[in-house]
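Participant: Predicted model follows, preceded by the sequence.
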Amino acid sequence: MTAGSKSETVGTWYDDKGLEAPNEIGWVGPSERNKTYIIISVQEKPYIMPLVDNRSKKKWKGFSVDLAEMVMKKMGLKYELRLVKDGKFGHENPEVTGGWDGIIGELIRKEADLSISSLTVSVQREEVIEFSRTFLSFETVTDDVPLRFDSIFSFFQPLSKEIWYSIFGSMLAVSFSLYIVSKCSSSEYELHVRTNDFTQSSDVKTVKANVENTFTLWNAIWFSLGSFMQQTSGYTPRSLSGRIVSGVWWFLALFVMIIYTANLTTHLTISQLNPPLYSVHRLHKCPAETNKPCDMLISVMETGLKDFAVAFPKGSPLREGVNLALLKLRNEGELYRLIRKWFMPLSCINKS
């Protein structure tokens, strides 16, 4: 009996041959058995690609095509696979009915029953549609060996190159700013008096007075570097504008040093730990290129940086059944077989 007090046949028992279930999953919710469900997808290699074969009735091939066939077979349901009309995955678009275009829009408008494609899970999409458990996850590839601090330039490693370039550029910009404001401010000028020694032609000392700006460009650069290294430089701006620029630079240097110290401590701690014997790395991008390497492992039904899942309209009765089907396919090793088929080159199949 279902939640709506309706009876639904999930199997038949025979005294001579036992239980015969119409689908391997069993109860998948109050869905219509004779209905042909519409599955939408986006053409993308290697998920769904045109199949040029006159002997086959199929129009498409790929990872999503095989996965859709296996899932619907587990559930004992008929389906029809077609491409989304506008060829998009789905973004917010107020000009379209439902406020979304692509796959998301067709699911919101219930023009399709589910989507099995390379559609990634996001918080914004989960607000308007529902997702199954992830059937594929990709992450960035990291090194097996932790970061080692055995180089003379290892102190640069806690921050990326882009951040170091930005810090260097900011230091030069602050130095030029201090130099310019000191040139325009009268507070930076001092009176310097110099006397000449006695000469053979004159027995009288000459006195020469000049008004000079002691905060030169070199002094400004030295002041910026000393402030960033939390050291004194001997030169400090005396004008109000120069002190304002200096104060902003001091706050930036303080925050950068706090972040640098925290990252340095983290890296030094990680470097003391032993790496795991067996490390599994997931990929950030699907290895669909022809020169894909063999040492690739893709996680199945785990949460990663980029999660792919089956999408449904809100309140779809198919969601529970699809989750059970995906779980059964994973336990039987069928999902791993699909990954080896569509994401790994033939030369890698016989390799461990």
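Facilitator: Ah, there it is.
Participant: Flag every buried residue along the top helix by length along the chain.
Facilitator: Under DSSP state H, the helix in the chain containing the largest number of residues is helix 240-271. When neighbours are counted by 16 or more other C-beta atoms under 10 Å, the buried residues of helix 240-271 are found to be 241, 242, 245, 246, 249, 252, 253, 256, 264, 267. For every residue, glycine as well, the C-beta is placed using N, CA and C.
Participant: List the buried residues for whichever strand or helix holds residue 177?
Facilitator: According to DSSP states H and E, residue 177 maps onto helix 161-184. Residues of helix 161-184 classed as buried: 167, 170, 171, 174, 175, 177, 178, 179, 181, 182 (neighbour count, 16+ other C-beta under 10 Å).
Participant: Go ahead and confirm the fifth one touches residue 224.
Facilitator: Yes. Residue 175 is within contact range of residue 224, at 4.7 Å (criterion: C-beta atoms under 8 Å).
Participant: what touches both of those two?
Facilitator: The contact sets of residue 175 and residue 224 do not overlap (C-beta atoms under 8 Å, 6 or more residues apart in numbering).
Participant: Identify the residues contacting stretch 93-107?
Facilitator: The set of residues that contact stretch 93-107 without belonging to it, under C-beta under 8 Å, 6+ apart, is 40-42, 84-92, 108-109, 112, 114-115, 117, 119, 125, 128-129, 311-313.
Participant: Oh, that last question was meant for stretch 242-250, not what I typed.
Facilitator: For stretch 242-250, the surrounding residues in contact (C-beta under 8 Å, 6+ apart) are 170, 174, 177-178, 181-182, 185, 188, 215, 223-224, 227-228, 236-237.
Participant: again with stretch 308-320
Facilitator: Identification of contacts with stretch 308-320 by C-beta under 8 Å, 6+ apart yields 28-31, 37, 71, 75, 103-104, 107-108, 110, 113-116, 118-121, 125, 128-138, 322, 326.
Participant: just the buried members of the residues you listed?
Facilitator: When those are checked for burial by 16+ other C-beta under 10 Å, the buried set is 28, 31, 37, 71, 75, 103-104, 107-108, 113-116, 118-121, 125, 128-138, 322, 326.
Participant: Which members of the residues you listed occur in helices, if any?
Facilitator: Using DSSP H, the subset of the buried ones among the contacts of stretch 308-320 located in helices is 71, 75, 103, 104, 107, 108, 125, 322, 326.
Participant: Against residue 127, how distant is the third one?
Facilitator: Here the criterion is C-beta to C-beta, to the nearest Å. By it, residue 103 lies 15 Å from residue 127.
Participant: What of residue 316?
Facilitator: Using C-beta to C-beta, we find residue 316 at a distance of 15 Å from residue 127.
Participant: who's more crowded, those two?
Facilitator: Comparing residue 316 with residue 127 by neighbour count (other C-beta atoms under 10 Å), the higher total belongs to residue 316, at 21 against 8.
Participant: longest strand of this structure?
Facilitator: The strand of greatest length in the chain, counted in residues with DSSP state E as the criterion, is given as strand 130-138.
Participant: for that one, the distance to its chain's centre please.
Facilitator: Shown here is strand 130-138, whose average C-alpha point lies 16 Å from the average C-alpha point of the whole chain (C-alpha atoms, centre = their mean, to the nearest Å).
Participant: mean confidence for that strand?
Facilitator: Rounded to a whole number, the mean pLDDT of strand 130-138 is 85.
Participant: what does stretch 264-283 give?
Facilitator: Per-residue pLDDT values across stretch 264-283 average out to 57.
Participant: what do you get for stretch 48-60?
Facilitator: When pLDDT is averaged along stretch 48-60, the result is 78.
Participant: same check, this time on stretch 84-92
Facilitator: Mean predicted confidence for stretch 84-92 is 87.
Participant: quick one: buried residues of that stretch?
Facilitator: Under the neighbour-count rule (16+ other C-beta under 10 Å), stretch 84-92 has 84, 88, 89, 90 buried.
Participant: Find me the pLDDT at residue 185, would you?
Facilitator: We have a pLDDT of 77 for residue 185.
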